[in-house]
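Colleague: following is a predicted model, sequence given first.
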Amino acid sequence: MNGNPSTLKARPADSQTVEALVREHHSSLLRYFRKRGVREEDAEDAVQEVFVRLSRREGLSEVERIEGYLFETAANVAIDVQRHNRVRHFDSHVVYDDSRHGRPECSCDAVFEGQEAIEHLLLALRELPDRTRTIFILARLEDMKQSEIAQRLGISVSAVEKQLTKGLAYLALRTGML
């Protein structure tokens with residue numbers, strides 16, 4: 001098919017044939033697709049695709065067994081839909097449900113309180129001795145293991161444990177959060 005728009009337009013006789021097929025076979029095509037495992041939400045689109053393909057075919061009004069041709073086209077569309085869904089892994093998708101996936105509404109007060117809590121935590125972190133603060137940040141924010149921290153700072157694992165415990169206790173006391 002070339003890019004000439006005039007070749008994409010159906011002839012009047014073909015257009016009337018497609019309209020008649022829509023009226024007569026729309027519901028039977030929906031059943032056809034559902035029986036072949038096309039998902040409910042894809043069945044209507046598949047029916048529309050059948051009629052789009054038919055409307056692009058020249059000489060449709062001259063086809064002898066038009067119903068056979070219609071369902072042969074539907075079979076090809078069903079294969080295409082199933083192939084598309086398999087490639088896109090639609091069977092592993094979860095339908096969005098606002099009650100399960102939606103975020104709870106945040107009030108301005110809740111946002112303000114959260115920002116205030118973060119500011120208090122940062123202030124308390126700045127009050128810690130340098131080594132204790134560094135160990136806390138590496139352990140809790142950088143998710144490093146205590147042995148890695150000890151090796152990086154050139155101290156024993158026991159010293160890391162003690163500094164981390166001291167830092168956590170101070171932050172919990174100071175902020176009431178941890």
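Modeller: Okay, I see it.

Colleague: now the helix or strand hosting residue 117: buried residues?
Modeller: Using DSSP states H and E, residue 117 sits in helix 108-127. By neighbour count on 16 or more other Cβ atoms under 10 Å, the buried set for helix 108-127 is 124, 125. For glycine as for every other residue, the C-beta is placed from the backbone atoms N, C-alpha and C.

Colleague: check stretch 69-76 too.
Modeller: Quick answer for stretch 69-76 (16+ other Cβ under 10 Å): 70, 71, 73, 74.

Colleague: low-confidence bits of this structure, can you list those?
Modeller: Applying pLDDT under 70 to the chain flags the ranges 1-13, 90-93, 101-104, 177-178.

Colleague: would you mind splitting it into its domains for me?
Modeller: 7-91, 108-175 (automatic domain parsing).

Colleague: make a markdown table out of those and add distance to residue 99.
Modeller: Shown next, in a markdown table, are the domains of the chain (distance: least, Cβ to Cβ, whole Å):
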| stretch | distance to residue 99 |
| --- | --- |
| domain 7-91 | 20 |
| domain 108-175 | 20 |
